[in-house]
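Visitor: Return a 3D structure for these sequence lines:
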Amino acid sequence: MKPPIYSKKSARAINGMDSPTKQRIKAGIEDIPNGDIKPLQGAPGTYRLRIGDWRILFSYADESKDRVKVKKVSPRGEAYKGV
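Guide: Residues are numbered from 1 along each chain as shown. Next comes the predicted model:
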């Protein structure tokens, strides 16, 4: 799998985390398509990855699904606002 593409907002969120959380989030993103992933209702082509209380909203960058585009990384309560 190719390296993920991060939006500015998601990169800023990850960089602001403590080191153990940051490592868990990055490991989870690099492990896609494994993990707790579900398609997001009301937003075709967008998926969510659950890692503890964090939600990662992403889509696939191309048809082959070998590159992930990370749109948003936020806590569970804020993840689905404005999608």
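
Visitor: mean confidence for stretch 67-83?
Guide: For stretch 67-83, mean pLDDT rounds to 91.

Visitor: got a list of contacts for it?
Guide: By CB atoms under 8 Å, 6 or more residues apart in numbering, the residues outside stretch 67-83 that reach it are 1-7, 9-10, 13-14, 25, 29, 32, 40, 42-43, 46, 48, 53-61. C-beta here means a position set from N, CA and C on the backbone, and glycine is covered the same way.

Visitor: Would you mark the buried spots in that stretch?
Guide: Residues of stretch 67-83 classed as buried: 68-74, 79-80 (neighbour count, 16 or more other CB atoms under 10 Å).

Visitor: can you give me the end-to-end distance of stretch 68-83?
Guide: Terminal residues of stretch 68-83 are spaced 18 Å apart (CA to CA, to the nearest Å).

Visitor: On the three-state scheme, the most centrally placed residue in the chain is what?
Guide: With distances taken as CA atoms, centre = their mean, I56 lies nearest the centre of the chain, 2.8 Å away. At I56, secondary structure determined by DSSP: H, G, I helix; E, B strand; the rest coil is strand.

Visitor: do I25 as well
Guide: helix.

Visitor: so who does it touch?
Guide: The contact partners of I25, by CB under 8 Å, 6+ apart, come to 14, 17, 51, 54, 56, 73.
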